[in-house]
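**Q** no letters, just coordinates:
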């Protein structure tokens with residue numbers, strides 16, 4: 001699974017070739033819109049690599065966010081980190097060409113109380129709970145607020161009922177790939193990568 005994710009990450013970076021990338025935009029910076037939200041559960045959890053604590057993920061929320069493309073430009077350096085409340089969120093796709101990011105938030109999150117924003121450029125795997133809370137305090141001081149109840153309800157209606165699947169692989173090859181096809185079709189190769197069959201190793 002990690003090999004598959006590495007391949008997907010490489011594809012994301014390869015989608016945009018930039019000579020002399022522009023400066024990283026100022027942060028904290030709010031996302032432009034909440035388009036879709038759907039909770040999920042997994043029978044078999046996976047280790048969340050997008051935070052220092054690396055928790056085991058057995059449930060979470062998928063989001064589709066409309067974003068400022070400048071914030072998600074692939075760079076060979078630390079990039080603005082996506083936060084949802086007190087959590088770092090996994091940006092599954094680049095979103096640079098489409099302006100839409102599919103994100104995964106581990107565990108439970110109350111979107112009515114959780115602002116969604118891009119914080120200080122960093123590597124997510126270096127961010128612990130204390131750092132995430134400090135970034136949230138900074139964002140709220142800058143005016144970042146949760147989306148309205150009406151916006152959350154509309155995004156939840158698009159997502160529908162909770163998704164229950166066996167594993168991270170099934171989540172990526174199914175719902176996540178479908179979301180890429182719908183909201184970021186420019187990244188079709190990424191969805192194709194997620195849909196590739198995984199061959200068990202001889203030792204397993």
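**A** Received it, and whenever you're ready, just let me know what you need. The structure presented is a predicted model; accordingly, all values stated were derived computationally and were not measured. Residues are numbered from 1 along each chain as shown.
**Q** which one is residue 163 nearest to, not counting chain neighbours?
**A** Among residues not flanking residue 163 along the chain, residue 40 sits closest, at 4.2 Å (Cβ to Cβ, 6 or more residues apart in numbering). In short, each C-beta sits where N, CA and C put it, glycine included.
**Q** my bad, residue 188
**A** residue 181 (6.8 Å).
**Q** kindly report the same for residue 152.
**A** Leaving out its chain neighbours, residue 152 is closest to residue 111 (Cβ to Cβ, 6+ apart), at 5.0 Å.
**Q** hang on, isn't the one you found packed against residue 147?
**A** Yes: because the distance of 6.7 Å satisfies Cβ atoms under 8 Å, residue 111 is recorded as touching residue 147.
**Q** shared neighbours, these two?
**A** With contacts taken as Cβ atoms under 8 Å, 6 or more residues apart in numbering, residue 111 and residue 147 have residue 34 as neighbours in common.
**Q** before we move on, the earlier item: where does the residue nearest to residue 163 fall, secondary structure wise?
**A** With the criterion set as DSSP states H and E, the secondary-structure element containing residue 40 is strand 33-47.
**Q** tell me the buried residues in that strand?
**A** Across strand 33-47, burial judged by 16 or more other Cβ atoms under 10 Å covers 34-40, 42, 45-46.
**Q** partners of that strand, with directions?
**A** In the sheet, strand 33-47 lines up against strand 56-66 (antiparallel), strand 163-165 (parallel) (DSSP bridges).
**Q** elements contacting the following helix or strand past the longest one?
**A** What that stands for is strand 56-66. Using DSSP H and E, the helix or strand that follows strand 56-66 towards the C-terminus is strand 79-84. If you count contacts as 3 or more Cβ pairs under 8 Å, 6 or more residues apart in numbering; DSSP states H and E, strand 79-84 packs onto strand 56-66, strand 100-106, strand 116-122, helix 129-141.
**Q** what comes into contact with strand 79-84?
**A** Contact partners of strand 79-84, identified using Cβ under 8 Å, 6+ apart, comprise 24-25, 27, 29, 31, 61, 63, 65, 71-73, 88-89, 91, 101, 103, 105, 109, 111, 114-122, 124, 127, 132, 135-136, 139.
**Q** can you rerun that using 6 Å?
**A** For strand 79-84, contacts defined as Cβ atoms under 6 Å, 6 or more residues apart in numbering pick out 27, 71, 88-89, 91, 105, 109, 114, 116-119, 121-122, 124, 135.
**Q** tell me the buried residues within these.
**A** Burial by neighbour count, judged by 16+ other Cβ under 10 Å, picks out 27, 71, 88-89, 91, 105, 109, 114, 116-119, 124, 135 from the contacts of strand 79-84.
**Q** residue 186: which of those is nearest?
**A** Using Cβ to Cβ, residue 91 is the member of these that sits closest to residue 186, with 15.3 Å.
**Q** good, wrapping up.
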